[in-house]
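[1] Curious how this folds, go ahead:
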Amino acid sequence: MQFEDGAVSSVSESGSKVDAVQDDFRTAVQETVKATGVAPHYFKFQGGRPYDASELDNKIDIFSAICGGNAKDGFEYKYSAPVEGNKKYSADEWEAQSEKIRAQWESLGWEVKNVAPGTKDAPGITIGASTPAGVTVLYSVGEGKVDYIDISSPCSGEIPAPSSSASAS
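    Got it, this is the predicted structure:
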């Protein structure tokens with residue numbers, strides 16, 4: 001990539017896009033868990049593996065999975081991490097809990113939308129936001145339910161393939 005002053009970056013545009021997606025993915029997971037106010041050790045990744053924020057500090061290929069493409073032309077990948085807490089919320093707690101997440105996302109400059117309301121029989125809400133790099137984050141909570149966070153990046157051939165020893169979450 002060449003800048004207006006003629007300097008050349010050692011990072012390609014696709015490389016900087018991948019970095020932006022990885023940074024937004026990390027931020028979405030870590031900041032959303034933190035915003036719940038629930039201690040991190042009360043969360044787990046899908047499959048039951050305990051949540052550990054430090055897993056996201058380095059290489060995150062364990063969170064990538066095939067989402068398109070083929071062996072001939074090349075596969076496309078995305079990052080994905082469903083994260084679930086274990087604190088159940090009462091009728092008086094769940095709405096305030098969703099507002100904490102909304103406030104955190106808005107403080108990060110993300111546009112937050114209501115995705116799905118609960119029902120009379122199952123009060124709750126799902127809110128969603130997209131980061132500048134296109135990472136989507138959904139947060140669901142409701143009466144008698146736990147914090148549920150679902151983070152996923154756009155599907156792209158630019159995202160590095162997971163290492164052969166990694167498994168998607």
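
[2] show me the contacts for the residue most central in space within the chain.
    In the chain, the residue lying closest to the centroid (C-alpha atoms, centre = their mean) is residue 151, at 2.6 Å. By C-beta atoms under 8 Å, 6 or more residues apart in numbering, the residues touching residue 151 are 25, 28-29, 32, 79-83, 135-138. Where you see a C-beta, it was placed from the backbone N, CA and C, and this is true even at glycine.

[3] Doesn't it belong to a strand?
    Yes: if the criterion is DSSP: H, G, I helix; E, B strand; the rest coil, then residue 151 is within a strand.

[4] what sits up against the longest strand along the chain?
    Assignment by DSSP state E gives strand 74-84 as the longest strand of the chain. Strand 74-84 is contacted from outside by 21-22, 25, 29, 32-33, 43-46, 51, 60, 63-69, 135, 146-157, 159-162, 168-169, using C-beta under 8 Å, 6+ apart.

[5] What residues are bridge-paired with residue 77?
    residue 66, residue 156 (DSSP bridges).

[6] typo on my end, residue 114
    Per DSSP bridges, the residues bridged to residue 114 are residue 127.

[7] Show the contacting residues for it.
    125-127.

[8] Tell me which residues are up against the lengthiest helix in the chain.
    Longest helix in the chain by number of residues, with DSSP state H as the criterion: helix 13-36. The contact list for helix 13-36, computed with C-beta under 8 Å, 6+ apart, reads 1, 9, 11, 40, 43, 51, 53, 56-57, 60, 63, 79, 81, 83, 85, 97, 100-101, 103-105, 108, 131-135, 137, 139, 147, 149, 151, 153-154, 156, 158-160.

[9] Separate out the buried members of those residues.
    40, 43, 51, 56, 60, 63, 79, 81, 83, 85, 97, 101, 104-105, 108, 131, 133, 135, 137, 139, 147, 149, 151, 153-154, 156, 159 (16 or more other C-beta atoms under 10 Å).
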